[in-house]
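> Return atomic coordinates for the entry below.
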Amino acid sequence: MQRTQRLSLSDEGLVLASEQGSTRIDWPELIKWKEGNGLILLYLSDALYLIIPQRCFPDAETYASLRSALQAHVSGDAKPA
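Got it, this is the predicted structure:
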């Protein structure tokens, strides 16, 4: 759980990859997202979510790319977490 993971974006969704393997989360699987306090929460259900810290991004442009993709593909709102 605490191993380094790489997040990449595609037209289909997000891909999380580590030394152990990779997982693709298609956009329709994300029911909502929230942003606040230096992180983004990606909800797979009301009780299951991924935490993406802003500090993990190399620069503001990369972080903005994720925000733009979420705004374009995930229904729901971006209320503060």
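> Let's see the pLDDT reported for residue 5.
Residue 5 carries a pLDDT value of 85.
> Now the phi/psi pair for it, please.
Dihedral pair for residue 5: phi -120, psi 150, per degrees, to the nearest 10.
> right, and it touches residue 19 too?
No: in this structure residue 5 lies outside contact range of residue 19 using C-beta atoms under 8 Å: 9.3 Å. For the C-beta atoms, the positions are set from N, CA and C on the backbone; glycine is no exception.
> Among the two, which residue is more densely surrounded?
The neighbour comparison of residue 5 against residue 19 (other C-beta atoms under 10 Å) goes to residue 5, with 17 against 7.
> neighbours of the closest residue to that one other than its chain neighbours, just the number please.
Nearest residue to residue 5, sequence neighbours excluded (C-beta to C-beta, 6 or more residues apart in numbering): residue 18, at 4.6 Å. The tally of other residues near residue 18 (other C-beta under 10 Å) stands at 12.
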